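1. Coordinates for the following, if possible.
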Amino acid sequence: MEQVLPKIAFKSNTILDIEVMTFAETYKKLTNVHGHDPFAAHKIQFYIILVVTKNTYAHYVDFKCYDLREGSVIFVAKNQVHYFTKALQNAEGFAIILNSDFLEQNYLLSKNITLNRLYNYHIEVPVIHPEEIGEDEFISIIQKLYFEYKLPNNFAKLEMLRAYINIILLKAERVKQEQSRNTIKAHWLRVFNEFKTLLEVNYTNKRNSRGYAADLHISYKFLNDVVKKSTGKTVKAFIDDFVTIEIKRYLASTSLSIKEISYATGFDEPANMIKFFKKHTQETPLQFRKQL
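-> Numbers count the residues shown, from 1 in each chain. This is a model prediction of the structure:
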């Protein structure tokens, strides 16, 4: 277990914002990683797409195991804690690694194309299974992406890769839109995403619901309506759940003391963090860590 939670940045041997590998190539690369254990929990600073094309594979994201089968796709977001399992060597598929700047500037923060549900793990599960994709073409697009990535001809390569990524992301977003029972308006989803982004940056020093509403230049009632419609929780409950997950990430992935974790997650005193955690999980931080 690491002393601190490893934060793994996007690294590529090329100037591209995209890296595409088969599972075999991914596994080989993972077994040669230095500086952290990819088969132990770590926080990523980029975005991942894993696609299974043969056999099965289990992947862990934020304390949950997701079982993938042929045709399943999982989307792991920046700042999530995840880890690979050795079962990767027994499955076939593709791993797509996306630079966070590329994805955020072109999709998550873009006014032209917005992914309201994809990678929005607070309101959606990160997996799409083949029956949810239906007859839509998906795997073949990823195979073409890999072919283009490996093609020696570099003319317009980045533009070609981005075009395929654009199709893949939009197809996945369409699936999420169709399968979602939540009929929240697109504008409300944008407000929710803006709130979530602010919370990710400021949660250690700001827990006040009305403060976030003020930062967004909207009324507290409207923010509360948006969050409740998106997640089924009030703003306060959502903030509490968010902080609880962050504490769990530290407990599961580092050897930091309870005192150190309490300060890292914005608590003035360890006793306050312990009380908060027990209130929301019905167990103490040490009990949670021992169970893991």
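2. In the protein, where is pLDDT below threshold?
-> 1-15, 109-113, 180-183 (pLDDT under 70).
3. Just the CA atoms of the longest helix along it, as CSV, please.
-> In the chain, assigned by DSSP state H, the helix with the most residues is helix 157-179. The C-alpha trace of helix 157-179 is given here as CSV (Å, rounded to 0.1, in the frame of the first residue of the first chain):
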residue,chain,number,x,y,z
LYS,A,157,-3.3,11.1,-38.2
LEU,A,158,-4.4,13.2,-35.2
GLU,A,159,-7.4,14.5,-37.2
MET,A,160,-8.4,10.9,-38.1
LEU,A,161,-8.0,9.7,-34.6
ARG,A,162,-10.1,12.5,-33.2
ALA,A,163,-12.8,11.8,-35.8
TYR,A,164,-13.1,8.2,-34.6
ILE,A,165,-13.0,9.2,-31.0
ASN,A,166,-15.7,11.7,-31.7
ILE,A,167,-17.9,9.0,-33.1
ILE,A,168,-17.2,6.6,-30.3
LEU,A,169,-18.0,9.1,-27.6
LEU,A,170,-21.1,10.4,-29.2
LYS,A,171,-22.4,6.9,-29.8
ALA,A,172,-21.8,6.1,-26.1
GLU,A,173,-23.5,9.3,-25.0
ARG,A,174,-26.5,8.4,-27.2
VAL,A,175,-26.8,5.0,-25.5
LYS,A,176,-26.6,6.7,-22.1
GLN,A,177,-29.3,9.1,-23.1
GLU,A,178,-31.6,6.4,-24.4
GLN,A,179,-31.2,4.0,-21.4
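4. Heading C-terminal from it, find the next helix or strand.
-> The helix or strand immediately downstream of helix 157-179 is helix 186-202, counting by DSSP states H and E.
5. Which secondary structure state is assigned to Leu50?
-> strand (DSSP: H, G, I helix; E, B strand; the rest coil).
6. Tell me who's in contact with Ser262.
-> Applying C-beta atoms under 8 Å, 6 or more residues apart in numbering, one finds that Ser262 lies in contact with 269-270, 272-274. C-beta here means a position set from N, CA and C on the backbone, and glycine is covered the same way.
7. Turn the residues you listed into CSV, columns for distance to Asp136 and secondary structure.
-> What follows is these, written out as CSV (distance: C-beta to C-beta, whole Å; DSSP: H, G, I helix; E, B strand; the rest coil):
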residue, distance to Asp136, secondary structure
Glu269, 52, coil
Pro270, 50, helix
Asn272, 49, helix
Met273, 45, helix
Ile274, 48, helix
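8. Buried among those? Make that a PyMOL selection.
-> Those of the contacts of Ser262 that count as buried under 16 or more other C-beta atoms under 10 Å are selected in PyMOL with:
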select buried, resi 270+273+274
